[in-house]
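Undergrad: Structure for this input, please:
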Amino acid sequence: MHRSALGKTVDMSSLVSKNEKVRAVGNMNVNARGDIIDSHGRVVQDNTQRVKRQYSNTVNKPSIQEDVQPEVVTPVVTPPPVVEVIAPDLNPEEQKMFEEFDDYEEVEEIKQTETEKPKAKK
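TA: Modelled structure (predicted):
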């Protein structure tokens, strides 16, 4: 039992049971119970049959995820280019210029030969 705004008592359960065969407002073509009805108000499909069919379609259907194994994709990682560090105090651009300098080996050989020569006394 419910009370209205004017203070009258309303029995909602009896009101629902009286009007369950009445066409519901909306564009779904159903009555108040949820039965699908035609344009004359005759029941085409009962709500309980509709709910059972929907339930059996979802519960008895094998899961797609069980059948399909996920494909494992290994990412292709390319290693960064190896840069030989000859002089650690140089930035990458200077390193590149230093590597392109062909006389470096000759200069190093000359330095070695000069350090190996005994110094002449004056």
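
Undergrad: where along the chain do the helices fall?
TA: 12-18, 47-59, 64-67, 92-100, 104-116 (DSSP state H).

Undergrad: any chance of the ones you listed in a markdown table, plus mean neighbour count and mean pLDDT?
TA: C-betas here are computed from N, CA, C, even on glycine. Below are those laid out as a markdown table (neighbours: other Cβ atoms under 10 Å; pLDDT from 0 to 100):
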| stretch | mean neighbour count | mean pLDDT |
| --- | --- | --- |
| helix 12-18 | 10 | 88 |
| helix 47-59 | 11 | 88 |
| helix 64-67 | 7 | 56 |
| helix 92-100 | 11 | 73 |
| helix 104-116 | 10 | 74 |
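
Undergrad: okay if I get the ones you listed as a markdown table plus distance to S4?
TA: Shown next, in a markdown table, are the helices of the chain (distance: least, Cβ to Cβ, whole Å):
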| stretch | distance to S4 |
| --- | --- |
| helix 12-18 | 11 |
| helix 47-59 | 29 |
| helix 64-67 | 51 |
| helix 92-100 | 84 |
| helix 104-116 | 100 |
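
Undergrad: Among those, which comes closest to T78?
TA: helix 92-100 (18.4 Å; Cβ to Cβ).

Undergrad: Extract the CA atoms of stretch 35-47 and return them as CSV.
TA: Extracted in CSV, the C-alpha atoms of stretch 35-47 (Å, rounded to 0.1, in the frame of the first residue of the first chain):
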residue,chain,number,x,y,z
ASP,A,35,4.8,-9.8,-24.0
ILE,A,36,5.2,-9.0,-27.6
ILE,A,37,1.9,-8.0,-29.1
ASP,A,38,0.5,-7.3,-32.6
SER,A,39,-1.4,-4.2,-33.7
HIS,A,40,-4.7,-5.6,-32.3
GLY,A,41,-3.3,-6.3,-28.9
ARG,A,42,-3.0,-10.1,-29.3
VAL,A,43,0.1,-11.8,-27.7
VAL,A,44,2.5,-12.9,-30.3
GLN,A,45,5.3,-14.1,-28.0
ASP,A,46,5.1,-14.6,-24.3
ASN,A,47,7.7,-12.7,-22.2
